[in-house]
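Asker: With the sequence up front, the predicted model follows.
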2 protein chains.
Amino acid sequence: MHQHRRSRDPGVNLDRRHHVVIIGGGFGGLQAARALRHVLVQVTLIDSRNFHLFQPLLYQVATGGLSAANIASPLRSILKRQPNARVLLEEVVDFDVDQRRVILRDGAVSYDTLIVAAGARHHYFGHPEWEQYAPSLKTVDDATAIRGRVLLAFEEAERESDSERRRGWLTFVIVGGGPTGVELAGAIGELSHHTLQNEFRAINPAHARIILVEGLDRILPTYPPKLSQKAAAALGRLGVIVMTQTTVTDIGPDSVTLRTRESEERMPSRTVLWAAGVEASPLATRLGQAAHANTDRAGRIMVEPDCSLSGHPEILVIGDMAHYRDASGKPLPGVAQVAIQEGRYAARLIEARLGGRSCPPFVYRDYGTMATIGRAAAVADLGWLWFSGYPAWLVWLFIHLMSLVGYQNRLLVLVQWAWNYFTRNRSARLITAAIRFRNTDRP
Amino acid sequence: MHQHRRSRDPGVNLDRRHHVVIIGGGFGGLQAARALRHVLVQVTLIDSRNFHLFQPLLYQVATGGLSAANIASPLRSILKRQPNARVLLEEVVDFDVDQRRVILRDGAVSYDTLIVAAGARHHYFGHPEWEQYAPSLKTVDDATAIRGRVLLAFEEAERESDSERRRGWLTFVIVGGGPTGVELAGAIGELSHHTLQNEFRAINPAHARIILVEGLDRILPTYPPKLSQKAAAALGRLGVIVMTQTTVTDIGPDSVTLRTRESEERMPSRTVLWAAGVEASPLATRLGQAAHANTDRAGRIMVEPDCSLSGHPEILVIGDMAHYRDASGKPLPGVAQVAIQEGRYAARLIEARLGGRSCPPFVYRDYGTMATIGRAAAVADLGWLWFSGYPAWLVWLFIHLMSLVGYQNRLLVLVQWAWNYFTRNRSARLITAAIRFRNTDRP
């Protein structure tokens, strides 16, 4: 059996078969690799991390509800039974589009077709110095760091005798009222009002102020207004203060300055979390320069109707890195569904080209969006139908459980959710050493 | 309900009640705190980490079988329903035994009785410079770092074209044939022979060399010789090479030098793990100086038959930090059972003293020791009975599951063990950013 597998090792065929190199093992890249499993190509998936991460649940890792491993799957494990795919744990540093080569930190890889799906990261609207005070949530390391900071803030408050400073430790500001910000704020509300109840002696965690800041006139601005209201009401029940039409003008080590239409206020806060702007991976800039491709204001690469680069049909850009205009002329949103569908399309396109067939342009099918707000509350917008509350939460649970890679992860997440639901406890509340004493240097 | 609880807040009684300060939330300290729950004292548990860690399973975190949170429980959560206890997340830096104060990194705490249970850490036999190349396994951060290094070694081997260097990446040396070394070696054997099967294209992970080095003439030297043989045979079946009567004379970034009775050999290896010597926490030295207490060669504090310090009956030292001679004159081993029983004894002693009663000296009851070797194999020595193989493994599973703090953790660990047993997969195989590219700077 083993011998048989080794003899089919596709590595030896590398020079003969059409070689598809995929950069990024997120939703788009992984989907493209999987969809190519029966196509006569050699696939190389390059990622600087050894796992696929189910980002929509990352906020639960950041708030101690789940362990990172529960929402991550090793890329090798996912692709082990796909003999035409190999995984390379490497960092991509540049592109040589003339020679059709991807330049790695250590070597290079040639391609026949290149799929770039390196995703996005947060950006700070021209204030990169805010990042150190207001971390954002994109990676596993971000999540464990945020988890540590949030938990540590309560610990610091417990030890703090000065009431003014204690107030700073117990004020949590989440910047950005999109789904991530709403879910983070809801989870911190749960944490302070229920999970941590009775655990402290000098403070009452339920007295924490949790503030969700949004620049527009309502949270979840891409949802129907009625759902924004429902979400705001659900957050209110968890003690979250929603401030709309409010922008952040400054962030320091122990404060955040908020500007409303009437006034500007400096608010003491030791824990500011950033869930606002998003920009494409820095690789987009590299690729844009190498292939003379246009980028939009968020750094995303403008792509053709078939997801390829103008003048470079052999380079496809998908997911959060791509600026794809749909029929109405609006760019597609940076959500998992877009990346997944583009990944599948990319595989179909490659198969068609190899067979000498043409392929119609990519069309995105919007199945809707959802967000949860703490326990047993959610909002869902399916386009033709929207609903909220307990039913939406159940649908949210089911869809997210089923979308996780690996049966074991589904079971582990289910167990933890059931537990959290009945006990309101969150067991994955570790403050790990790396961040343990980072934010204790008091003024 | 909440109001009632607040009014019983023991913080306000701090000045009136007998104040027991416990340093360390490991097996000994936590057990002492729990055992004092019905005693009319105020308990303050100080730890620099916010969780209790079930160290006997830490090697499973280091080899991707479990998540850290599954074997850790927040200290506050454990003690939330014990109103006479409070938790302080702080670092102890020194002792003022005359004033009966513990000096913290940030302030000080007065005590009436002090229980010191700060545990042990690995030591490198006078070669502290080896630590950077050969990490040891004591903390959660150690475990995630080791997990990253082991997994990264296979990744590096996959990318390496030079066969000599590839051999270095695929050679794992575990130093120390005690339970930790045996369990680590067995788990890495499982990983390379089963879990990673078919996941790589350029290498065969089963070709990895895993070497367990022990200075004495058999592994598990504190067990009956027959069990050492069984363990060695079980390791052999997992492809682990056991080298007894072998010592380490040097460790470098890409090699380890081993001396047998006949010869000395420098062996290329990029992954050396240290499971050999243990010494008391550096706090033992501080306490020894402050209280004029004697320490042994491993830095442990010599204690009286009631676990107190000579001349300082109000200071008790328990667990791995204490050198306690039993009736035969031998020091008790540094295992969880000793710490747990000493913790309970400390609470009993304090209660007796407060009641004006005397308390007989501490007596350790040895219930036996066990170790697992990969899947479905273990050895158990109960003193009056020893056994091995599948029955021992089942007993090991049961005892360890039941010893975990928290029902949720037991359930999560059970699910993962069942899964690993049937699929031989290990899902918690994350290489996190902090260590991702640490050991790639090639010579």
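Answerer: Sure, I can see it.

Asker: Report the closest residue of the stretch 151-300 of chain A relative to chain B.
Answerer: A:Glu199 (3.9 Å; Cβ to the nearest Cβ). Every C-beta, even on glycine, is put in place using the N, C-alpha and C of the backbone.

Asker: excluding its backbone neighbours, what's nearest that residue?
Answerer: Distances taken as Cβ to Cβ, 6 or more residues apart in numbering or on different chains place B:Arg76 nearest to A:Glu199, at 3.9 Å, with adjacent residues excluded.

Asker: Hmm, the residue of the stretch 151-300 of chain A closest to chain B is touching B:Ile78, no?
Answerer: No - the pair A:Glu199 / B:Ile78 is not scored as a contact, 9.7 Å apart, by Cβ atoms under 8 Å.

Asker: which residues of the stretch 151-300 of chain A fall in helices?
Answerer: Secondary structure of the stretch 151-300 of chain A (DSSP state H, counting those that start in this stretch): helices at A:163-169, A:179-190, A:225-237, A:282-291.

Asker: Could you say which helix or strand holds the residue nearest to A:Glu199?
Answerer: helix B:75-79 (DSSP states H and E).

Asker: Past that helix, which element shows up next along the chain?
Answerer: Helix B:75-79 is succeeded, C-terminally, by strand B:85-89 (DSSP H and E).

Asker: Pull the distance from that next one to the chain's centre.
Answerer: Distance, stretch centre to chain centre, for strand B:85-89: 22 Å (Cα atoms, centre = their mean, to the nearest Å).

Asker: as a whole number, average confidence for that strand?
Answerer: Strand B:85-89 carries an average pLDDT of 96.

Asker: Going by contacts, tell me the helices and strands next to that strand.
Answerer: Packed against strand B:85-89 by the contact rule (3 or more Cβ pairs under 8 Å, 6 or more residues apart in numbering or on different chains; DSSP states H and E) you find helix A:140-159, strand B:41-47, helix B:75-79.

Asker: Neighbouring strands - and their directions - for it?
Answerer: Here strand B:85-89 is paired, per DSSP bridges, with strand B:41-47 (parallel).

Asker: Walk me through the domains of chain A.
Answerer: Domains of chain A are assigned by automatic domain parsing as A:2-48+A:90-122+A:279-354, A:128-276+A:375-440.

Asker: a markdown table for those domains, including mean neighbour count?
Answerer: Converted to a markdown table, the domains of chain A look like this (neighbours: other Cβ atoms under 10 Å in any protein chain shown):
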| stretch | mean neighbour count |
| --- | --- |
| domain A:2-48+A:90-122+A:279-354 | 19 |
| domain A:128-276+A:375-440 | 19 |
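
Asker: export these to CSV and tack on distance to B:Gly319?
Answerer: Shown next, in CSV, are these (distance: least, Cβ to Cβ, whole Å):
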stretch, distance to B:Gly319
domain A:2-48+A:90-122+A:279-354, 41
domain A:128-276+A:375-440, 21
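
Asker: among the ones you listed, which is nearest B:Glu265?
Answerer: domain A:2-48+A:90-122+A:279-354 (30.1 Å; Cβ to Cβ).

Asker: Might you quantify the distance of that closest one from its chain's geometric centre?
Answerer: 18 Å.

Asker: just stretch A:55-62 next, same as before
Answerer: 8 Å.

Asker: just stretch A:76-90 next, same as before
Answerer: On Cα atoms, centre = their mean, the centre of stretch A:76-90 falls 22 Å from the chain's centre.

Asker: remind me which residues of the stretch 1-150 of chain A are low pLDDT?
Answerer: For the stretch 1-150 of chain A, the stretches with pLDDT under 70 are A:1-15.

Asker: can you pull out the strands in it?
Answerer: Along the stretch 1-150 of chain A, the segments classed as strands by DSSP state E, counting those that start in this stretch run A:18-23, A:41-47, A:51-53, A:72-74, A:85-89, A:92-96, A:101-104, A:107-110, A:113-116, A:120-122.
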